[in-house]
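S.K.: predicted model and sequence below, questions to follow.
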Amino acid sequence: MTSSAVIDKSAPTRTVKLRSMSRDRTWALRWSYFFLTLFAIFALIPPLYMLITSLKTSAEISAATNPWWVYHPTLSNYVELLTSNQFLTFFRNSALVSIFVVTITMLISVPAAFALARMRFWGSATLATGVFLTYLIPETLLFLPLFKMFVVFGELTGIQLINKWYVLLIVYPTLTVPFCTWIMIGYFASIPKELDEAAIIDGATWFQTLTRIFIPVALPGLIAATIFAFTVSWAQFLYPLVFTTSTDQLVLPVGIITTLIKGDVFAWGQIMTGALLGAAPPLIIYAFLMDYYIAGLTAGATKG
Amino acid sequence: MADVTLRKVFKRYDDVEAVRGIDLDIADHEFVVLVGPSGCGKSTTLRMIAGLEDITDGDIMIGGDVVNDVPPKDRDIAMVFQNYALYPHMTVAENMSFGLRLKRYPKAEIKSRVDEAARMLDIVELVDRKPKQLSGGQRQRVAMGRAIVRNPKVFLFDEPLSNLDAKLRVQMRIEIKKVHQKVRTTTVYVTHDQIEAMTLADRVVVMNNGLIEQIGTPNELYHHPATRFVAGFIGSPAMNFMACRLEDVGGKMHIRLTDRIAFPLPPARAERYKTISRTDKLLLGIRPEHITEASPHAEPGVEPFDVVLDVIEPMGMETMIYFMMEGGEICGRVSPNADARAGAPMRLAIDLNNMHLLDEATGAVI
């Protein structure tokens, strides 16, 4: 009794006819390259313009020269920003908020998704839909009631959360938790039922089933959710604009806008530099986790 | 190791009764196969023994202890699933040792158990691979290995061979039998394939509609089915059924199939059926191998008759023949040397010593 696969040597060798697939496929490829190039140009022009502007002095920016060319490149904008305490404070606040929000989100939504996907309890299906519906309520609708809630909370308890960077740790999860829970429900649901039954028979508790089977198996989904939570908290603008005002409490997107625009004077060079530097962390994270992220996004489509 | 007992076990889902009160005694070391068509309650029964489904009513005992409310992990059972259910992120060795690691067995003990199971299943060279690098048959071995290393009281198999191709299925069937002969663990095995049931089981439990139709050794079920369902389900090709009634011709009991065809019954059969009303609607059940080509020297109880063949299927060691009788298709089995041709008349013989007589209304074998 052998356990190795048998190779049928008599089977005809397959010859690929290049011709037959050529015409349609070649044109399809040409069109996709055309549109992809077009889209890439469209998407990359703004960052390119930001980069060009960030290398110019204020004088050159306001001079009537070719805006797409740098005649006297300078790193002064970068030096100024990176040596300014203010900018570093924004950066630190952003980083703290994002890291904590990602952690809080994952700690809530992974167990929540596991419970909603696997532990059949009364109303679990309705609850799962409810979680998703909360994500559909736009933040422009939520920020006033939320603000009011924090004010009332402050009056009742004396704990002032408004205008503290850590208020965002409570506010951002209202965006990230529903969405991350929802995608994690999807990933967990795609794991065959027999896998947790096997784990239960093997003697695993619910918690062990989650940590030792579900999380490793759904890792691509977990990473996709993490990236999402990070991106949302890093780039969020409306909530920090509303909930924080003092310069030492601001996060990067709001900080750049409020401190580098003085009245009607726009420090374009520094604004662009700040935006570019601000965009760097998500970019680096994407670059490292891109493969996982794409695998995660398409997992549902390819799993048999 | 232990015996398994089911007492009046029910399973109700909202308004569907999946299992409707079954009693079953499985002895220590026994290999019992639950077989039946899909939806007959066999998988539900197995899952109730495993503890993956609550039981609505009744008692399940493993090794004499009632386990109705005992969680699966404390029942000391191991289960092999149809789709293998291997943990995709773990190697073969990690898959097999997962249960032992959760129970914090010493490392050396785990290793020796995994090695032993791997040797028994001929997967020693695969222990460092991930499940996706394995073929279906190899995956099923690993799933069995995962059950073996736990050294449980009871093995539960839920259609373990259904995902394999026909050739591999036969191979793995033998493999499962070998493993059972070695470890002698009490085994409950669910399948819809009656050949698998016949070849593997010490005893077969035939289920239909949430009830047990019959329990018996493979030979008992084959030769002495209790109901029409069992008679038709066990055996391939299936048993033939023909409407018939009994009548007396010249003081001898005959079985009449059509206006033209009636056979005298062998004395033993006539004695057994003497109390049956001559007007009762009955069914004659006869297996294909008991309809053969007529031989010149007829044995007692073997009666000749003439038919025109519709289809013949040469199988090599035998030829299956099909013909119509009173609107029903009948299958017989003749020697490959017999002159059987489609569309041609042929003289066949029916062996009434091996007939079954059924009550058409109740389906019970008389």
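M.R.: Perfect, thanks for sending it. The structure presented is a predicted model; accordingly, all values stated were derived computationally and were not measured.
S.K.: number of nearby residues for the closest residue to chain A within the stretch 101-250 of chain B?
M.R.: Chain A sits closest to residue B:102 of the stretch 101-250 of chain B, with a gap of 4.7 Å, by CB to the nearest CB. No exception for glycine: its C-beta is placed from N, CA and C like everyone else's. Residue B:102 has 16 neighbouring residues, counting by other CB atoms under 10 Å in any protein chain shown.
S.K.: now it. Nearest residue, chain neighbours left out?
M.R.: Nearest non-adjacent residue to residue B:102, counting by CB to CB, 6 or more residues apart in numbering or on different chains: residue A:203, 4.7 Å away.
S.K.: Three-state assignment for the one you found, please.
M.R.: coil (DSSP: H, G, I helix; E, B strand; the rest coil).
S.K.: my guess is it contacts residue B:105, does it?
M.R.: No - if you go by CB atoms under 8 Å, residue A:203 and residue B:105 don't touch, sitting 11.0 Å apart.
S.K.: so these two - more neighbours on which side?
M.R.: Comparing residue A:203 with residue B:105 by other CB under 10 Å, the one with more neighbours is residue A:203, at 19 against 16.
S.K.: for residue B:50, see how far away that one is.
M.R.: 13 Å (CB to CB, to the nearest Å).
S.K.: what of residue B:223?
M.R.: Note on residue B:223: its distance to residue B:50, by CB to CB, is 33 Å.
S.K.: more neighbours, these two?
M.R.: For residue B:223 and residue B:50, the more surrounded residue by other CB under 10 Å is residue B:50, and the numbers stand at 22 against 14.
S.K.: that one contacts residue A:202, correct?
M.R.: No - the pair residue B:50 / residue A:202 is not scored as a contact, 11.9 Å apart, by CB under 8 Å.
S.K.: between these two, which contacts overlap?
M.R.: Common neighbours of residue B:50 and residue A:202 (criterion: CB atoms under 8 Å, 6 or more residues apart in numbering or on different chains): none identified.
S.K.: lowest-confidence helix or strand of chain A?
M.R.: helix A:268-302 (a mean of 76; mean pLDDT, DSSP states H and E).
S.K.: low pLDDT regions in the stretch 51-200 of chain B?
M.R.: Along the stretch 51-200 of chain B, segments meeting pLDDT under 70 are nowhere present.
S.K.: and the helices in it, which stretches?
M.R.: B:92-102, B:107-121, B:136-149, B:166-183, B:194-200 (DSSP state H, counting those that start in this stretch).
S.K.: how close does the residue nearest to residue B:98 when sequence neighbours are not counted sit to residue A:43?
M.R.: Once flanking residues are discounted, residue B:98 sits nearest to residue A:202: 5.2 Å by CB to CB, 6+ apart. Distance, residue A:202 to residue A:43, by CB to CB: 48 Å.
S.K.: local confidence estimate at the residue nearest to residue B:102?
M.R.: Predicted confidence (pLDDT) for residue A:203: 91.
S.K.: so what's it up against?
M.R.: Residue A:203 touches B:73, B:99, B:102-103, counting by CB under 8 Å, 6+ apart.
S.K.: same check, this time on residue B:128
M.R.: So residue B:128 contacts B:91-93 (CB under 8 Å, 6+ apart).
S.K.: same thing with residue B:149?
M.R.: B:96-97, B:99-100, B:110, B:113-114, B:116-117.
S.K.: restrict those residues to those near chain A?
M.R.: residue B:99 (CB under 8 Å from any CB of the partner chain).
S.K.: what's the most distant pair in the contacts of residue B:149?
M.R.: B:99 and B:116 (15.2 Å; CB to CB).
S.K.: tell me the buried residues in the top helix by length along chain A?
M.R.: Ranked by number of residues, the top helix in chain A under DSSP state H is helix A:18-54. Under the neighbour-count criterion of 16 or more other CB atoms under 10 Å in any protein chain shown, helix A:18-54 has A:50, A:52-54 buried.
S.K.: redo these as a markdown table? Include pLDDT and distance to chain B.
M.R.: A markdown table is the format used below for the buried residues of helix A:18-54 (pLDDT from 0 to 100; distance: CB to the nearest CB, whole Å):
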| residue | pLDDT | distance to chain B |
| --- | --- | --- |
| A:50 | 91 | 41 |
| A:52 | 91 | 46 |
| A:53 | 91 | 47 |
| A:54 | 91 | 44 |
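S.K.: reformat these as a markdown table; add distance to residue B:181.
M.R.: Shown next, in a markdown table, are the buried residues of helix A:18-54 (distance: CB to CB, whole Å):
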| residue | distance to residue B:181 |
| --- | --- |
| A:50 | 75 |
| A:52 | 79 |
| A:53 | 80 |
| A:54 | 77 |
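S.K.: nearest to chain B within the stretch 51-200 of chain A, name that residue for me.
M.R.: residue A:194 (3.6 Å).
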